[in-house]
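*Asks:* Here's my sequence, what's the structure:
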Amino acid sequence: MSRIDAHHHVWRPASAPPSATDHGPRRRVHAWLDAPGMYPLRRDFTLEDLAPAAGAAGVDRTVLVQVLPDVDETVEFLALAAAGDTVAGVVGWADLTADGLTGTLDALRAAPGGDRLVGLRHLVQNESDPGWLNRPDVRRGLRTLARAGLTFDLLVLPHQLPAAISAVRELPELTFVLDHLAKPPIATGELRPWATLIRELAALPQVFCKLSGMVTEAEWHNWNVTALRPYAEVVLDAFGPRRVMFGSDWPVCLLAAAYGEVVDAAEELTAGLTAAERSQVFAGTAERAYRLVERDVSGRAGDKGPWGVVR
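*Replies:* Residues are numbered from 1 along each chain as shown. Model (predicted):
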C-alpha cells in the first residue's frame with residue numbers, strides 16, 4: 001500500500017555544527033530549540049536523514065510543513081520538493097494579515113516547486129490572544145487562501161479550539177487541516193473539554209485531522225499505545241477515517257519515539273479499521289485534503305525510486 005507521511009519538517013539551525021553534507025535550506029535561528037529538553041533536536045535534519053526510516057516504513061510521499069514564520073523558508077522548501085518526487089506537497093507560511101498576500105501566493109506558485117504548494121500554516125499556538133483566528137485581518141487572509149484553492153493547517157491548543165470552530169464555521173469555502181489533534185493533554189489522561197470541542201469541530205465537513213504529534217503530548221519516556229488510544233478513538237470516531245491522515249511529526253517525534261515506533265503506534269491504533277479505511281488514513285485522506293498530484297515514484301530498472309534509491 002502506498003503511504004503518505006502528511007506531516008514532517010526539516011531544518012538547519014544556525015547554532016548547529018556543520019554536517020557532513022552541509023547543503024539544503026540555509027541556516028536559520030530556531031529560538032524554540034533553546035527551550036528545556038530540546039537539545040536532541042539542535043542539529044540538522046534533512047530529507048536525507050528522513051529517507052532510511054521513512055523508506056523502511058513504506059512511506060513513498062510526504063507533506064513538508066513549515067517550521068518558522070519565514071516566507072523564504074517556504075521558497076526553499078518548494079525548491080526541495082521540486083528536486084525530487086518524494087515531497088508531494090508543501091504547507092508553507094506567509095503573513096495572513098498582509099495586504100499583499102495574494103501577490104505573495106502568486107510569487108510562491110511561480111517559484112521552482114510552486115506547483116507543490118498545497119497550503120499555509122501559522123503558529124497559532126504561540127499567539128497570546130486565544131481569539132486570534134477571529135481577527136478581521138486574519139479572516140481576510142483565510143478567505144484569500146480559499147480563493148487561491150489552498151488549505152490552512154490549524155496548529156492550535158485545546159483552549160484555542162473555540163476560535164477555530166468559529167473560523168471554520170464562517171469559512172465553509174476553505175479546507176482546514178487540524179494538526180496534532182489540537183495537542184490534547186495525553187500525559188495527564190484528561191479527555192474533556194478537549195473531546196467535546198473536537199466533536200464540535202469535526203461536525204463541520206471541511207475539516208480534516210492529522211493523527212500526529214501524539215507521542216510528544218504523552219510522557220516522552222513512558223508512553224504506550226494504551227495511553228494514546230482514547231485520543232485516537234475520539235478523532236477516528238468524530239472525523240471518520242476519510243478525514244483522518246497519518247503524520248509522523250518527524251523530527252519532533254524523536255523527543256519521545258523513533259520514526260518506526262510512531263508508524264507502529266499508528267498501525268496499532270488503526271488496526272480495528274477495514275483495509276479500505278486504513279488506506280484512507282495512510283494515503284487517501286492526505287491526497288484529497290491537499291489535492292496531491294500522483295507522481296510515478298515506483299522506479300524502473302536502474303531508475304531512482306522514492307528517496308532517490310536506485311532500483
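
*Asks:* give the contact list for residue 229.
*Replies:* residue 269 (C-beta atoms under 8 Å, 6 or more residues apart in numbering). The way it works is simple: take the backbone N, C-alpha and C, and place the C-beta from them, glycine included.

*Asks:* now it: how far from residue 189?
*Replies:* 11 Å (C-beta to C-beta, to the nearest Å).

*Asks:* and the gap between residue 213 and residue 29?
*Replies:* From residue 213 over to residue 29 the distance is 23 Å, taken as C-beta to C-beta.

*Asks:* ranges for the strands of this protein?
*Replies:* Applying DSSP state E to the chain gives strands spanning 3-8, 59-65, 87-92, 117-122, 151-154, 176-178, 207-211, 244-246.

*Asks:* Pick the most buried one from those.
*Replies:* Across those, averaging neighbours per residue (mean count of other C-beta atoms under 10 Å) puts strand 244-246 on top, at a mean of 29.

*Asks:* Just list what that one packs against, helices and strands only.
*Replies:* Counting contacts by 3 or more C-beta pairs under 8 Å, 6 or more residues apart in numbering; DSSP states H and E, strand 244-246 is packed against strand 3-8, strand 207-211, helix 285-290.

*Asks:* Minimum distance to residue 268: which of those has it?
*Replies:* strand 207-211 (11.6 Å; C-beta to C-beta).

*Asks:* Each with direction, which strands does that closest one pair with?
*Replies:* Based on DSSP bridges, the pairing partners of strand 207-211 within the sheet are strand 176-178 (parallel), strand 244-246 (parallel).

*Asks:* ok now the last one, how far from the chain's centre?
*Replies:* In this case it means strand 244-246. Distance of strand 244-246 from the chain centroid (C-alpha atoms, centre = their mean, to the nearest Å) equals 10 Å.

*Asks:* now stretch 238-252
*Replies:* That offset, for stretch 238-252, works out to 8 Å (C-alpha atoms, centre = their mean).
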